[in-house]
Structure formats: structure tokens, C-alpha cells
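Trainee: what shape does this take:
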Amino acid sequence: MPVSDSVDLENAADAAADTAADTAAENATEADAGDGGSTEGLPINELFYSLQGEGTLAGVPSVFVRTSGCNLRCWFCDSYHTSWEPTHAWLGLEEIMAEIESHDADHVVLTGGEPLIHEESVALLEALDERGYHTTVETNGTIYRDAPIDLASVSPKLESSTPTAERDPKGEGEWEARHESDRIDMDALARLVEDYDVQLKFVVTDAEDMSEILDLLAELRTVAEAPISDDDVLLMPEGATRERLAETRNRVADLAMEYGFRYTPRLHVDLWNDAPET
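Mentor: Have a look, this model is predicted:
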């Protein structure tokens, strides 16, 4: 079920970048209420049934719940309408659960945007856990929440994600400093690694990204009180279209073999290109 009620969540994302996660979620609902939307539930951009396209569960039939709003602005974001130009409709928890249960799937992926900016995401995850679903949360790793998460799919954002004026899809560059300042939160990353089964999924453009990945892993292994295996580190080619993946995937696969990390495809892009609800 795609939704397209256009509501600008920039204030919500600003709050998430500048304050603690709980305050960010409160500001998100307050900002939307000012535009005439409901203050209950979650801002849902898409809710659909497909195959998991990335990570260790690639190929598994899953229901995807995509929230709107993000505290970062990657220039290559493949969910543009959850970050740069957020669109959504507010759905209550029971509405979301009813839609999930209408599909024959045991796996649910909570994604975004950044779903953990919303406090109500915890209530959704608790409801899913009570009903026996396996849950994956796709997160940028800048926010920690205590919730029943079966797999934390953490995608720390590298310097190459920063929307410089030359790469900003809106051509303005006003997010560059904020994104660069907030894209890594080592404390949140460490807590996610310590408390959940985790995969660290890095979007890679080329070999220049590898030194940053290695430095980040070294620091995270120092501060986290849980081991991080190379098997938990996944390299994923940057690209939201088949054409772009054709330019990046072979060299990223070569890098995975060179450094001993896992390679993850973007199966949904291979199958459906950049179509929505995939």
C-alpha cells in the first residue's frame, strides 16, 4: 500500500539530529500535527510484501513497513520520499498490524528513512514479537532503542554519503555539515552490537571507502563489549538502479573477497529496478 500524503518531516529530522531520540519522536508528531495530520501511530510511506533484497536474509519473503522521516541525508538515498521530500500517511498500530497480517509472511522489515527516530516503532516491534514475527530493523546506527529486534541491520554512513553541494540532489548543500556531524554515533553503534544480532552493512562506491570502514570497525571493536566477526560485515554496492549497480557491483564484490567480508546484492534492484514497493 503506497501512500502519498505529502507532509514535510524536515522539522522532525532536524529534531532527531539535534536532540535525543525520544525528543525527536515527540517533535516529529508535533510537527505533523501542525500540518493537520494525526499525532498517533507512525508516518508510513510504504507497506508492502516483497523479497528481502539485502543482507543475510536476502531472498526471504517479507512484509516491509517503511516509515517516513530521517535524521540524515545521504545523497544517494534510495528512499528519497522518506528523507529529502518525505511523504506519508499516519497509520495507527492496529491498522499497521492488520495490513501485515493480511500477507503470508513470517518476516517483517521495519525500515525508512530512519525508523528508530519514532518512539512508536518500539510499540510496533513489541506487537510483532508478541505475534511471533521475525523482525529486522534497518537503521543508520545513530539511535539506540530497547526493543525486541531479531536482526539489527545497521548501515553506518561513510563520508562518501555526505551531500556536498556538488552531490546534493536538491542542489543546495544545506545538509552537508549536519549530515557529516551526525552520521556516526559510536555509543549507539556499540549498544546495538552488544544487545542484538547484528549485521553491519556498508554501502560502498569504490576502494576509497575501505580505509574508513576498517578504521570504523577497529574503533567499534575497541568500544563494544561484544565481538564483531568479519562474517557480520557486509559490503553492498551503491546504486538504486540496475544501470548504477552495473557500475559498482563487480568492484565491490572484488573488495569483499580482498578484505574477507561478505558481499550482499541488492536483489530487489536486480529484479525490479527502482520500482516502488520492492
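
Trainee: and Y80, backbone torsions?
Mentor: Dihedral pair for Y80: phi -50, psi -40, per degrees, to the nearest 10.

Trainee: element containing H179, please.
Mentor: helix 176-182 (DSSP states H and E).

Trainee: got the buried residues for that helix?
Mentor: E176, R178, H179, E180, D182 (16 or more other C-beta atoms under 10 Å). All C-beta atoms are positioned from the backbone trio N, CA, C, and that covers glycine.

Trainee: which residues touch stretch 258-276?
Mentor: 2, 46, 50-56, 58-59, 78, 201, 210, 214, 230-231, 233-237, 239-242, 245, 249, 252-253, 255-257, 278 (C-beta atoms under 8 Å, 6 or more residues apart in numbering).

Trainee: give me that answer again for 7 Å
Mentor: 2, 46, 50-51, 53-55, 58-59, 201, 210, 230-231, 233-237, 239-242, 245, 252-253, 256, 278 (C-beta atoms under 7 Å, 6 or more residues apart in numbering).

Trainee: nearest residue to D106 in space, please, no chain neighbours.
Mentor: Of all residues not flanking D106 in the chain, H134 sits nearest, at 5.8 Å (C-beta to C-beta, 6 or more residues apart in numbering).

Trainee: these two touch, right, that neighbour and A105?
Mentor: No - assessed by C-beta atoms under 7 Å, H134 is found out of contact with A105, at 9.3 Å.

Trainee: reformat the buried residues of helix 176-182 as TSV; add distance to L271.
Mentor: Below are the buried residues of helix 176-182 laid out as TSV (distance: C-beta to C-beta, whole Å):
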residue	distance to L271
E176	34
R178	34
H179	30
E180	34
D182	33
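
Trainee: quick one on the thing from earlier: so who does the residue nearest to D106 touch?
Mentor: D106, H107, D150.

Trainee: from the residues you listed, list just the buried residues.
Mentor: For the contacts of H134, buried by 16+ other C-beta under 10 Å: H107, D150.

Trainee: what helices or strands is the longest strand anywhere in the chain leaning on?
Mentor: Secondary structure of the chain per DSSP state E: the longest strand is strand 42-51. On a contact count with 3 or more C-beta pairs under 7 Å, 6 or more residues apart in numbering; DSSP states H and E, strand 42-51 meets strand 61-67, strand 89-91, helix 93-101, helix 120-130, helix 267-272.

Trainee: all set now, cheers.
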